[in-house]
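Peer 1: Sharing a model prediction with you, sequence too.
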Amino acid sequence: MTGSDTEPVRIDTSRPHPARVYDWWLGGKDNYPVDEDLARKILAVDSTVLRGARANRRFMQRATRVAAEAGTRQFLDIGTGIPTEPNLHQVAQGVAPESKVVYADNDPIVLRHAEALLQSTAEGTTTYVHADVRDPDTILRLASANLDLSRPVALSLVALTHYLGTDPDGDDVYGLLERYVSALVPGSYLILSQVTPDLNPEAIERAAEHFRRAGTPFHPRSLAEFSRFFDGLELLGPGVIPVSGWRPEPQDVAVQAEGIVPVYAGVARKP
C-alpha cells in the first residue's frame, strides 16, 4: 500500500462529510457526532438509505468483478470512502492478483484508514491519493504514477455524482465525467451509481434538503439525466437499472424484496 496526498492531513469535525455519513449508515465507527447527526436526520425522512448504502457497496463489488473477469487489470476508484471489506482492491485482486488499484478521496480520515487497511497482494499494487474529484488533472497525474493510462482502466464513481452539480458557475458534473473518460483508452470501463428522485420523490427531496442545510450539495437525478453520463459509451447489460437489479446475486435479490432502493446504476465500456 502506498499513498500520496496533496495537502496536510487535517480532519474537519465541524461539518459532516459524505464519506463519514456513509460510514455511519454502513454501521462503521469512523465518523463523528456531526456525521451521525446528519445520517440520523436523513434516515428519519428516508428509510431506504441503509438498504441503499449496502446495495451500493455490493454493486461496486459485482461491477468490479465483471471488469476484472473481462480482463481489466487497472482500477481507479474516485470517492473511495472509508474502507470496508471486501473493498474494491480485494475484489479485483481476488480475480487477478496482479491488478493495480488507485483510490482517491478528499477526506483525511479516509487517508488515515487507507494507509492502515488497504493492503495489496504481492503481485499487484494498491495506492491511495488524497485529492478531490473536482480536480481531474491532479487525480489523473497522481494515478498515472501507478496506472498505465495507455492501457484500459476501470473508472469507478459509486454514489458520488449526486454530490456534484451542473451550475455553470460551479460544478459541471457532465464536463467533469467527460474529462475523466477522455483520458481513458478504448476498452476501459465506467462504473457509476447515483441517487434518483424517480422511485421515491418526496423522501429523496427531504433527504436532499438535509444535506443542503448541512452545507453538502446534493443532486438526485432522473433516469434520463443519469443515463447521459454514458453518452458515447457501450452500456453493458442490463443497462441503467435500479442498483440492486444490476446483475443481482442472491443477497441482492433479498434486498430487492425488502423494498425500493432509489439509486440507479450502470456500467459501460469505452469503444
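Peer 2: Received the coordinates, thanks.
Peer 1: Give me the mean pLDDT for the helix or strand harbouring residue 93.
Peer 2: Secondary structure assignment for residue 93, by DSSP states H and E: helix 88-95. Across helix 88-95, the average pLDDT comes to 95.
Peer 1: what helices or strands is it leaning on?
Peer 2: helix 49-69, strand 74-78, strand 100-105 (3 or more Cβ pairs under 8 Å, 6 or more residues apart in numbering; DSSP states H and E). The C-beta positions use only the backbone N, C-alpha and C, and glycine is treated the same way.
Peer 1: and the angle from that helix to strand 74-78?
Peer 2: 160 degrees (axes from the mean of the first three to the mean of the last three Cα atoms, to 10 degrees).
Peer 1: Which parts of helix 88-95 count as buried, going by neighbours?
Peer 2: 88, 89, 90, 91, 92, 93, 95 (16 or more other Cβ atoms under 10 Å).
Peer 1: distance of the closest residue to the second one other than its chain neighbours from residue 217?
Peer 2: For residue 89, ignoring the flanking residues on the chain, the nearest one in space by Cβ to Cβ, 6 or more residues apart in numbering is residue 101 at 4.0 Å. Distance of residue 101 to residue 217, computed by Cβ to Cβ, to the nearest Å: 28 Å.
Peer 1: what do you get for residue 93?
Peer 2: Applying Cβ to Cβ, the value for residue 93 to residue 217 is 34 Å.
Peer 1: Over to residue 244?
Peer 2: For residue 244, the distance to residue 217 - Cβ to Cβ - is 26 Å.
Peer 1: can you map out the strands along the protein?
Peer 2: Assigned strands in the chain, in chain order: 2-5, 74-78, 100-105, 125-130, 154-158, 189-195, 234-235, 241-242, 263-269 (criterion: DSSP state E).
Peer 1: for this protein, which spans come out with low pLDDT?
Peer 2: 1-10, 114-118, 168-169 (pLDDT under 70).
Peer 1: Nice, that's everything, thank you.
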